[in-house]
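Enquirer: Starting from these lines, generate the structure:
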Amino acid sequence: MQKTLYFATHNAHKLEEARQILGRTVNVLSLGDLGCHDDIPEDADTLEGNSLIKARYVWDNFSVDCFADDTGLEVDALDGRPGVYTARFAKNNNFHVNGDSSDNWRYLLSLLEGKTNRSARFRTAITLIINGEVYQCEGVVNGTIAYRPFGLHGFGYDPVFVPDGYSDTFAQLPAKVKNSISHRANALRSMLELPVLQKYFS
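Expert: Numbers count the residues shown, from 1 in each chain. So this is what the prediction gives:
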């Protein structure tokens with residue numbers, strides 16, 4: 001019988017990605033499946049801190065084994081920004097074009113105009129709570145920022161992020177390919193390799 005872990009997210013894209021990566025091993029359920037519709041604050045100054053806040057909220061309020069993630073895009077030409085503010089980069093800087101998540105990559109491209117150093121990385125921090133014990137791990141994918149968006153798939157900054165070793169953006173790559181190399185995939189695989197989960201599944 002599959003073990004169940006609750007993923008502390010309301011993001012359908014992230015949930016589907018996690019299910020595709022973990023599906024054979026773990027029954028991944030969402031906050032909605034738990035009956036939690038709260039907007040959990042993410043006010044830490046690190047990715048690890050934000051993932052811990054979300055996982056602890058679920059454990060403290062529902063006492064179920066769970067995990068949470070937070071992802072940051074770190075752009076070398078911007079001294080590592082947007083980092084922990086990745087999801088609200090445009091909003092925090094009063095940049096508004098479409099009023100959706102595409103504003104983030106539009107704002108990023110505006111800051112990189114004229115810059116030839118396009119190197120960047122996505123980093124995902126995960127906090128796992130099993131029986132009240134806290135474990136953390138991370139996953140990274142290196143790449144570059146394209147000069148303009150390409151592709152219709154994915155979400156967030158996917159149209160402008162080209163992973164190393166590929167000529168296509170995350171938004172152009174098939175989901176199966178992206179989910180095999182992404183920051184979240186690497187973080188989830190690291191989570192699966194934690195001794196506590198190996199014991200959990202035995």
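
Enquirer: quick one: the helices in this structure?
Expert: 12-22, 31-34, 47-62, 89-92, 102-111, 175-181, 183-192, 195-201 (DSSP state H).

Enquirer: list the buried ones in the longest one?
Expert: Residues of helix 47-62 classed as buried by neighbour count (16 or more other CB atoms under 10 Å): Leu47, Glu48, Asn50, Ser51, Leu52, Ile53, Lys54, Ala55, Arg56, Tyr57, Val58, Trp59. Bear in mind the C-beta positions are built from the backbone N, C-alpha and C, glycine included.

Enquirer: ok now do the first one, which residues does it touch?
Expert: Going back to what we said before, that points to Leu47. Asp70, Thr71, Gly72, Gly83, Val84, Arg123, Thr124, Ala125, Glu138 (CB atoms under 8 Å, 6 or more residues apart in numbering).

Enquirer: cool, Glu133 as well?
Expert: Applying CB under 8 Å, 6+ apart to Glu133 gives the contacts Val196.

Enquirer: what does Leu78 give?
Expert: Leu111, Leu112.

Enquirer: hang on, the earlier thing: nearest to Pro163 among the buried residues of helix 47-62?
Expert: Nearest to Pro163 among the buried residues of helix 47-62, counting by CB to CB, is Leu47 at 18.8 Å.

Enquirer: Could you find the closest non-adjacent residue to the closest one?
Expert: Spatially, and ignoring its direct neighbours in sequence, Leu47 is nearest to Ala125 (3.9 Å; CB to CB, 6 or more residues apart in numbering).

Enquirer: swap in Ala90?
Expert: Using CB to CB, 6+ apart and skipping residues adjacent in sequence, the residue nearest Ala90 is Asp103, 3.8 Å away.

Enquirer: coming back round to it: just the helices of the chain: most buried one?
Expert: Highest mean neighbour count among the helices of the chain (mean count of other CB atoms under 10 Å): helix 183-192, with a mean of 21.

Enquirer: Give me the contacts around it.
Expert: 14, 17-18, 21-22, 25, 67, 69, 71, 121-126, 128, 135, 137-141, 178-179, 197.
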